[in-house]
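1. how does the following fold in three dimensions:
(one chain, ligands or ions: 1)
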Amino acid sequence: MQFLKKEHARSFFSVKFQFVFREAEVENARVKIFPKQSTIPHRNGNAESLGIYVHVPFCGSACDYCAFYREEPRKASVEAWLSGVEKELTLVSFPRAAETFFVGGGTPGVLSAGNFSRLAKMLLRANGGNAPAEWTVELAPGTVKPDKLRVLRDSGVNRISLGVQSFDAGTLSLLGRRHAPKQIFSAYEMIRSSGFDNVNFDLIFAVPGENHLRWENDLATAIKLSPEHLSAYCLILEKDAPLLARLKKSGKYNPEEKSSEREAELYLKTWEKLSSAGYEQYEVANHARDGKKCIHNSNTWKMAEWLGFGPAAASQCGGKRFQNPANLALWLEKITDGVSAHEEIETLSAAQLFEDAIIFGLRLAEGFDLSELSQRFGVPAGTRLPALAKDLREAGYLESGIPENIWRPTKQGLLVADAIALKILEIRN
Ligand code: SF4
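-> Sure, this is the predicted structure:
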């Protein structure tokens, strides 16, 4: 189909839906500190769910491919940030108990064990003493320490997302990541021996200058270590990323290498390898062993509600979407004055949510049921969406031979999910 050109939509999700990603089981330990709390039952992919995202904006050093907002982790700034989150949690009340907590960044691992303990207590207090079904903390390999893991485990954290990126020293250095491969192995060992049985690895492929072998070795090493979850992301170099400037200056940047054909080939190989290793692909970049899909992210992709805390954190709740300023001082100033730091407040119509649920649903391996979404949001499916589905089926992007209201992308469909999303926006306009 002529309209589905991947290159037209390359950064569609990172631009329009950046807010969603900015960014997201240990009963005995939890009971030790918070004996009275109950546990929110696990409802995988529940539209009624509430997720809590805490943004830790600190990074010890800057990765060369990163164009995100970040702050230096000075002791005073970290203390001020923690007090700010504590205050913000009293200013923004949860409409109901949260099912998931996700502490992301930035580099949450720059927090000390004491910082984590304080953060965990304030989150549980804000959640009425209820432990969430899933509680993820992102950690960079170089920041993993036994005392932090002990506190996290004792507080009820039950999922660790480890920012591996690559096991290859050259690739890590090119990306500007400060950890060495051996730190990944020792971090993973510490995480396992601390009792965590739900671990994710973040991995990056399509790094300029890499050959297929590098990525194949990374995948093989990851599979051998056998985490429960793997997120394999294709590197997208934003125009402000220092790595892009550096590569261009050195004459090593070859745009051909970043062609959509090559990326598609890498995606397909990755999916095939992970599937034969027993990982089920449930989203374009996400793969899990049985029962270990990330509940927090699954819920946000299904247009459930979530509240973000900390600078730059985004939220979608009560029919609105809003964002905190990406500036620690500015965010603190508002929070300290006792006013909400929410800005860029957008009131969402049912039609917008319906459309976004379709767009994100196209990135999910299970797809979605158009009739169900239509009913959920009270928006008629009309005639243009079913006509588009028919075209997509004929072109091999949606599965055939299943009820017509079910949109389930094929592997080829997952590859062009961004382009289909643009087509849906065109239909709306
Ligand atoms: S990629 Fe992550 S850890 Fe690296 S500088 Fe950006 S936010 Fe910090």
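2. CA only for contacts and neighbour counts going forward, please
-> Fine.
3. would you list every one of the helices in the stretch 51-200 of the chain?
-> 75-91, 113-126, 146-155, 169-175, 181-193 (DSSP state H, counting those that start in this stretch).
4. using PDB, list the CA coordinates for the second one.
-> These are the backbone C-alpha positions of helix 113-126, laid out as PDB (Å, rounded to 0.1, in the frame of the first residue of the first chain):
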ATOM      1  CA  ALA A 113      19.100   3.300  49.900                       C
ATOM      2  CA  GLY A 114      17.800   5.900  52.400                       C
ATOM      3  CA  ASN A 115      16.300   8.000  49.500                       C
ATOM      4  CA  PHE A 116      14.500   4.900  48.200                       C
ATOM      5  CA  SER A 117      13.200   4.000  51.600                       C
ATOM      6  CA  ARG A 118      11.700   7.500  52.000                       C
ATOM      7  CA  LEU A 119      10.200   7.500  48.500                       C
ATOM      8  CA  ALA A 120       8.700   4.100  49.000                       C
ATOM      9  CA  LYS A 121       7.000   5.100  52.300                       C
ATOM     10  CA  MET A 122       5.500   8.200  50.800                       C
ATOM     11  CA  LEU A 123       4.200   6.400  47.800                       C
ATOM     12  CA  LEU A 124       2.500   3.700  49.900                       C
ATOM     13  CA  ARG A 125       1.100   6.300  52.200                       C
ATOM     14  CA  ALA A 126      -0.400   8.200  49.200                       C
END
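5. and of the helices of the stretch 51-200 of the chain, who's closest to residue 281?
-> helix 181-193 (22.5 Å; CA to CA).
6. looking at the chain, which helix or strand does the model trust least?
-> Of all regular secondary-structure elements in the chain, judged by mean pLDDT, DSSP states H and E, the least confident is helix 27-33 with a mean of 23.
7. one step back: so for residue 245, which of the helices of the stretch 51-200 of the chain sits nearest?
-> Of the helices of the stretch 51-200 of the chain, the one closest to residue 245 (CA to CA) turns out to be helix 169-175, at 12.5 Å.
8. so how far is the closest one from its chain's centroid?
-> 22 Å (CA atoms, centre = their mean, to the nearest Å).
9. residues in contact with that helix?
-> 63, 64, 65, 165, 166, 178, 179, 180, 181, 207, 210, 243 (CA atoms under 8 Å, 6 or more residues apart in numbering).
10. let's have those residues in JSON lines, adding distance to the ligand, pLDDT and neighbour count.
-> Shown next, in JSON lines, are those (distance: CA to the nearest ligand atom, whole Å; pLDDT from 0 to 100; neighbours: other CA atoms under 10 Å):
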{"residue": "63", "distance to the ligand": "4", "pLDDT": "83", "neighbour count": "19"}
{"residue": "64", "distance to the ligand": "7", "pLDDT": "82", "neighbour count": "19"}
{"residue": "65", "distance to the ligand": "7", "pLDDT": "81", "neighbour count": "23"}
{"residue": "165", "distance to the ligand": "10", "pLDDT": "96", "neighbour count": "23"}
{"residue": "166", "distance to the ligand": "13", "pLDDT": "96", "neighbour count": "28"}
{"residue": "178", "distance to the ligand": "9", "pLDDT": "86", "neighbour count": "16"}
{"residue": "179", "distance to the ligand": "11", "pLDDT": "93", "neighbour count": "20"}
{"residue": "180", "distance to the ligand": "14", "pLDDT": "95", "neighbour count": "18"}
{"residue": "181", "distance to the ligand": "16", "pLDDT": "97", "neighbour count": "17"}
{"residue": "207", "distance to the ligand": "14", "pLDDT": "87", "neighbour count": "19"}
{"residue": "210", "distance to the ligand": "19", "pLDDT": "79", "neighbour count": "13"}
{"residue": "243", "distance to the ligand": "12", "pLDDT": "82", "neighbour count": "22"}
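11. from these, which two are the most distant?
-> Of all pairs in those, the most separated under CA to CA is 181 and 243 at 20.3 Å.
12. wait, residue 335 sits on residue 87?
-> Yes - between residue 335 and residue 87 there is a contact at 6.6 Å, judged by CA atoms under 8 Å.
13. who's more crowded, the two?
-> residue 335 (23 against 18; other CA atoms under 10 Å).
14. roughly how far does the more buried one sit from the ligand?
-> 23 Å (CA to the nearest ligand atom, to the nearest Å).
15. repeat for residue 323
-> Counting by CA to the nearest ligand atom - residue 323 and the ligand are separated by 17 Å.
16. quick one: residues contacting that residue.
-> For residue 323, the contacting residues are 19, 308, 312, 313, 314, 315, 342, 343, 344, 345, by CA under 8 Å, 6+ apart.
17. go with 7 Å
-> By CA atoms under 7 Å, 6 or more residues apart in numbering, the residues touching residue 323 are 312, 313, 314, 315, 342, 343, 344.
18. ok, residues contacting the host helix or strand of the last one?
-> Of the helices and strands defined by DSSP states H and E, residue 344 is found in strand 343-347. Counting contacts by CA under 7 Å, 6+ apart, the residues outside strand 343-347 that touch it are 319, 320, 321, 322, 323, 324, 325.
19. next, count neighbours for the third one.
-> Counted with other CA under 10 Å, residues neighbouring residue 321 total 21.
20. got the phi and psi for it?
-> phi -120, psi 130 (degrees, to the nearest 10).
21. same question, the last one
-> For residue 325, the backbone dihedrals (degrees, to the nearest 10) come out as phi -60, psi 140.
22. ok, it touching residue 312?
-> Yes - using CA atoms under 7 Å, residue 325 makes contact with residue 312 at a distance of 5.2 Å.
23. show me which of the two is the more surrounded one.
-> residue 312 (27 against 20).
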